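Pasting a predicted model and its sequence here:
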Amino acid sequence: MSNRGYIYFLTNKTNNVIYVGVTNDLKRRIYEHRLKQVEGFTRTYNLSKLVYYEMFNTVPDAIAREKQIKGGSRQKKLDLILKNNPEFSDLYDMI
């Protein structure tokens, strides 16, 4: 079993809401969001499009990065997406 961690950004069809999450299994977690198995913010705002992610060697490293990103502005989140995925393409099939 991998000890890797991931942070990820989800958005909706119109790209106007950004959610930042953390997980140890990116494919599984995004799949759960897509099936609406996750209660709360992502279900309420219909967020299922993966537009950004980062991989870390450990889950604690991913959690630290998540806190750093969540403490930043929306513009900083948008800048990360635009630098790496300017078309806001869904990256799910690439993981």
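Looks like it arrived, so ask away.

What residues of the helix or strand hosting residue 82 count as buried?
Element membership for residue 82, per DSSP states H and E: helix 74-84. Within helix 74-84, the residues that count as buried by 16 or more other C-beta atoms under 10 Å are 77, 80-81. C-beta: built from backbone N, CA, C; applies to glycine.

In JSON lines: those, plus pLDDT.
As requested, those are arranged in JSON lines below (pLDDT from 0 to 100):
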{"residue": "77", "pLDDT": "97"}
{"residue": "80", "pLDDT": "97"}
{"residue": "81", "pLDDT": "98"}
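
Using a markdown table, please lay out the residues you listed together with distance to residue 26.
Formatted as a markdown table, the buried residues of helix 74-84 follow (distance: C-beta to C-beta, whole Å):
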| residue | distance to residue 26 |
| --- | --- |
| 77 | 18 |
| 80 | 16 |
| 81 | 16 |
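
Pull the residues that contact the helix holding residue 82.
Residues from elsewhere that reach helix 74-84 (C-beta atoms under 8 Å, 6 or more residues apart in numbering): 9, 18, 20, 51-52, 69, 88.
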